[in-house]
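Asks: need a structure here:
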Amino acid sequence: MKEELKEGLEGEWVIETTPEMAAQHIAEEEGILVYSTPAMVWHMERAAVIAVSAYLDDDEVSVGVRVDISHIAGTAIGETVRASARLVRVEGRRLTFTVEAHNEREKIGEGRHQRVVVKKDRLPRKQ
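Replies: Numbers count the residues shown, from 1 in each chain. Sure thing, here's the model as predicted:
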């Protein structure tokens, strides 16, 4: 990790929601296309990666190890979502973020997310 990796770093990912991001159990049974909690968590994690990836050494990557997220409002598929992450704590290789997501009208999710910086060569590779 580079010395510049410090609390206060921020990342953001803006994406238009697609049918693949819908809560499939509702879509299949009721035909309702709403943005799913797993998709929102994925986008929040991506925002955290964006916040810190430039501050990792070439042989490092961060991996998610904990999420504590509330999905507080619905979003129709086709709307734009903005996920953001702010690095609030660095404890060795453990990084803690506050995360939020907003649609075009309101906040739709919030919480905390932790990632750990690891050496790439310690991760399993596709055979």
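
Asks: hey, which helix or strand in this structure has the poorest pLDDT?
Replies: Taking mean pLDDT, DSSP states H and E as the measure, the helix or strand of the chain with the lowest value is helix 24-30, at a mean of 63.

Asks: residues making contact with the following helix or strand past it?
Replies: Once helix 24-30 ends, the next helix or strand along the chain (criterion: DSSP states H and E) is helix 37-52. Here helix 37-52 makes contact (Cβ atoms under 8 Å, 6 or more residues apart in numbering) with 5, 9-13, 15, 17, 21-23, 62, 64, 67, 69, 71, 81, 83-87, 95, 97, 99-101, 108-109, 111, 113, 115. Yep, even glycine has a C-beta here, placed from its N, CA and C like the rest.

Asks: same question for stretch 100-114.
Replies: Contacts to stretch 100-114, defined as Cβ under 8 Å, 6+ apart, come from residues 35, 37, 40, 43-45, 48, 64-75, 79-85, 94-99.

Asks: and if you look at stretch 59-71?
Replies: For stretch 59-71, contacts defined as Cβ under 8 Å, 6+ apart pick out 1, 37, 40-41, 44-45, 48-49, 52-53, 56, 94-95, 99, 108-121, 123.

Asks: C-alpha coordinates for it, CSV please?
Replies: Only the C-alpha atoms of stretch 59-71 are listed here, as CSV (Å, rounded to 0.1, in the frame of the first residue of the first chain):
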residue,chain,number,x,y,z
ASP,A,59,0.9,-6.7,-6.7
GLU,A,60,-2.1,-5.9,-4.4
VAL,A,61,-5.8,-5.9,-4.6
SER,A,62,-8.6,-5.3,-2.0
VAL,A,63,-11.2,-7.9,-1.2
GLY,A,64,-14.5,-7.3,0.5
VAL,A,65,-14.8,-9.0,3.9
ARG,A,66,-17.9,-7.4,5.5
VAL,A,67,-21.0,-5.5,4.6
ASP,A,68,-23.6,-3.9,6.9
ILE,A,69,-26.0,-2.2,4.5
SER,A,70,-29.6,-1.0,4.8
HIS,A,71,-31.7,-0.8,1.6
